[in-house]
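Student: With the input below, show me the fold.
(one chain, ligands or ions: 1)
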Amino acid sequence: TILILDFGSQYSHLITRRCRELNVYAELMPCTSKLADLKFKPKGIILSGSPYSVYDDDAPHADPGIYTLGVPILGICYGLQEICWNHKGQVAKCDHREYGLAEVQISRFGESGNSVDALFEGLGDQMQVWMSHGDQLSVMPPDFHVIGRTSTAPYAAIAHNSKSLYGIQFHPEVTHSPQGRQLIGRFVLNICQCRPNWTMEEFIGKEIVRIREICGPKGRVIGAVSGGVDSTVAAKLMHEAIGDRFHAIMVDNGVLRLNEAQQVNDMLNKDLGVNLTVVDASELFLSRLDGVEDPEQKRKIIGNTFINVFETEAAKIEEAAEKEENGATAKGKIEWLLQGTLYPDVIESISFKGPSATIKTHHNVGGLLKDMKLKLIEPLRELFKDEVRALGRLLSIPAPLVQRHPFPGPGLAIRILGPVTREQVKILQQADHIYIEEIRKANLYNQISQAMAILLPVKAVGVMGDKRTYEQVIALRAVTSEDFMTADWYAFPPEVLRRISSRITNEVNGINRVTYDISSKPPATVEWL
Ligand code: XMP
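Tutor: Residues are numbered from 1 along each chain as shown. Below is the predicted model:
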């Protein structure tokens, strides 16, 4: 395992990903972590970049114990400065913040002048790299030497004379540094000597064993599924591990996509064999949502109602399970709640800066734990989204599902901008269905990260036949995004938009106009509410 200490750079998680792409398991932890609390012995440590300056009063610093562990350490950007700060070098502000591409000249050593440092072996004489820093090394720490320089940074890459301590000013983890992957590979595979044996097949095997150990021979687990990638993959993995002792619940909240509940049932239950109960609670949800306009209110109602319905259903399942076991012991009891938590959520919650400000209260099922006294089981908590997709493929989950766009918990309710009514839900379901169907037909689904139709609470004048119409407007949105923290609008071929617009205005009663949203995030968000 490679330990990555996060000093708050926006690229920290990318370092983790690059290591895992080399099939080496890497774990990101806050830079303030104490070595004594570590549950594993790392084979190497990488220190990330940071928005701080090492001399700031509140600058974060690593446990000094890392330097006596005897494992190789690579400092990236702030990480380099942190190593220098700790080894009596000096760091100074640059005249200008350096941001963009630079060329690193790799230093040559040895009698024949032909050797380069082990970190750069096989990477050539120059390397294009991405720089983003306001500070740089101004005085080398004693016992270090330069292994690479740029025109503005004489100490762009340094190494200790005898220990495996490295610092680089640039960011090898971003794709703008074309040889960055190779460089991280040099560190992880050659210098740290990690074996590339972390594969998804291996992960499945280990995770199944771990789940079986946690649950014991009789333990029961329940979990909510939505039809999304994460909950489906988590459910299938649980099914592989403990069969029907895992029970999935899908709540139809009345604001799902058209025919969604049916499709999820067919796929999860019929195709994948997961023990699933679909609860049609649409009437309850829609009656509680009726006429509600405020977005946070919508989220709250859906979140709370979801908890009510889920708990009632879980109690029924528990009762049935106890009967099945002749009521002998309390073994029929459900002890665990499955959650599809992913690594980015974990990173967010362990960040030494604390979770970021809440723009929208994203609905989750955390409330269930408080009331039901269930223990949490999170088989995906070490994985990134694309790793979950790879896992899904290995678990034979059909490709269209594995590639599915995310869909928010509060569903279409937050895509109806005015008051929610049954009528409005129906209009939006139809428009959304046509939109997604046409995107699939045009073979564009996998190029888009998320696509949605939004029903606007305004009316516009139109003409149909010889008659004047006065009807509502549908807005279409499609974005591309890496992580949904930022997003760009998708540039559809015009003929696709034309077809979608024509079908929606012709086929959906109550709509006479379609617009396309060309806002990026920021300043807009992905959803309209
Ligand atoms: P925003 O609108 O915040 O969306 O830019 C970013 C991503 O989050 C999803 N989203 C939600 N997901 N409950 C969810 O489960 C919510 O309340 C919610 N609001 C936004 C959104 O669909 C996008 O993928």
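Student: Spell out the residue ranges of the helices in the stretch 101-250 of the chain.
Tutor: When assigned using DSSP state H, counting those that start in this stretch, the helices of the stretch 101-250 of the chain occupy the ranges 180-185, 200-215, 229-242.
Student: repeat for the chain
Tutor: Listed in chain order, the helices of the chain (DSSP state H) span residues 12-21, 78-86, 180-185, 200-215, 229-242, 260-264, 282-289, 295-324, 343-350, 366-372, 385-394, 399-402, 422-441, 494-507.
Student: deepest of the ones you listed, which one?
Tutor: Greatest average neighbour count among the helices of the chain goes to helix 78-86 (a mean of 26), per mean count of other Cβ atoms under 10 Å. The way it works is simple: take the backbone N, C-alpha and C, and place the C-beta from them, glycine included.
Student: Who are the packing partners of that helix?
Tutor: Applying 3 or more Cβ pairs under 8 Å, 6 or more residues apart in numbering; DSSP states H and E, one finds that helix 78-86 contacts strand 44-47, strand 73-76, strand 90-106, strand 126-139, strand 165-168.
Student: who touches that helix?
Tutor: Counting by Cβ atoms under 8 Å, 6 or more residues apart in numbering, the neighbours of helix 78-86 from elsewhere in the structure are 5, 7, 9, 46-50, 52-55, 61-62, 64, 67, 73, 75, 89-91, 133, 135-137, 140-141, 144, 158, 165, 167-169.
Student: again, only using 6 Å
Tutor: When contacts are taken as Cβ atoms under 6 Å, 6 or more residues apart in numbering, the neighbours of helix 78-86 outside the stretch itself are 7, 47-50, 54, 75, 91, 135, 137, 141, 167-169.
Student: right, so of the helices of the stretch 101-250 of the chain, which gets closest to M250?
Tutor: Shortest separation from M250 across the helices of the stretch 101-250 of the chain is recorded for helix 229-242, at 8.9 Å, computed as Cβ to Cβ.
Student: Up against the ligand, what does the stretch 401-529 of the chain have?
Tutor: By the rule Cβ under 6 Å from any ligand atom, the part of the stretch 401-529 of the chain lying against the ligand is 406, 408-410, 450, 484, 521, 525-527.
Student: So in this protein, where's the weakest helix or strand by average pLDDT?
Tutor: Of all regular secondary-structure elements in the chain, judged by mean pLDDT, DSSP states H and E, the least confident is helix 366-372 with a mean of 67.
Student: where along the stretch 401-529 of the chain do the strands fall?
Tutor: Using DSSP state E, counting those that start in this stretch, the strands assigned to the stretch 401-529 of the chain run over residues 450-464, 467-480, 488-489, 511-516.
Student: so can I have a markdown table of those strands showing mean neighbour count?
Tutor: Formatted as a markdown table, the strands of the stretch 401-529 of the chain follow (neighbours: other Cβ atoms under 10 Å):
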| stretch | mean neighbour count |
| --- | --- |
| strand 450-464 | 16 |
| strand 467-480 | 18 |
| strand 488-489 | 14 |
| strand 511-516 | 19 |
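Student: possible to save the ones you listed as JSON lines with mean pLDDT?
Tutor: Output for the strands of the stretch 401-529 of the chain, formatted as JSON lines (pLDDT from 0 to 100):
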{"stretch": "strand 450-464", "mean pLDDT": "97"}
{"stretch": "strand 467-480", "mean pLDDT": "97"}
{"stretch": "strand 488-489", "mean pLDDT": "96"}
{"stretch": "strand 511-516", "mean pLDDT": "98"}
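Student: Those strands into CSV, with extra columns for distance to T505?
Tutor: Below are the strands of the stretch 401-529 of the chain laid out as CSV (distance: least, Cβ to Cβ, whole Å):
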stretch, distance to T505
strand 450-464, 8
strand 467-480, 9
strand 488-489, 21
strand 511-516, 6
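Student: which one of the helices of the stretch 101-250 of the chain lies closest to the ligand?
Tutor: helix 229-242 (10.4 Å; Cβ to the nearest ligand atom).
Student: hmm, the closest one in reach of the ligand?
Tutor: No: applying Cβ under 6 Å from any ligand atom, one finds helix 229-242 separated from the ligand by no less than 10.4 Å.
Student: helices and strands around that helix, which ones?
Tutor: The contact analysis (3 or more Cβ pairs under 6 Å, 6 or more residues apart in numbering; DSSP states H and E) places helix 229-242 against helix 200-215, strand 246-252, helix 385-394.
Student: For I334, find the nearest of those.
Tutor: Minimum separation from I334 across those (Cβ to Cβ) falls at strand 246-252, 7.7 Å.
Student: Could you list the low-pLDDT ranges of the stretch 201-350 of the chain?
Tutor: 325-332, 350 (pLDDT under 70).
Student: So which bits of it are right by the ligand?
Tutor: Counting by Cβ under 6 Å from any ligand atom, the stretch 201-350 of the chain comes close to the ligand at R299.
Student: Could you report the neighbour count for K43?
Tutor: Per other Cβ atoms under 10 Å, the neighbour tally for K43 reads 18.
Student: Contact partners for it?
Tutor: By Cβ under 6 Å, 6+ apart, K43 lies in contact with 192, 194.
Student: can you do 10 Å?
Tutor: The neighbourhood of K43, defined by Cβ atoms under 10 Å, 6 or more residues apart in numbering, consists of 1-3, 24-25, 71-72, 188, 191-195.
Student: which one of these has the most neighbours?
Tutor: I2 (27 neighbours).
Student: Not counting its neighbours along the chain, what's nearest it?
Tutor: A26 (4.2 Å; Cβ to Cβ, 6 or more residues apart in numbering).
Student: Could you report the pLDDT at the nearest residue to I184 once chain neighbours are set aside?
Tutor: In space, not counting the residues next to it along the chain, I184 is nearest to R18; the distance is 4.7 Å by Cβ to Cβ, 6+ apart. Looking at R18, its pLDDT reads 94.
Student: just D517 next, same as before
Tutor: Note on D517: pLDDT of 98.
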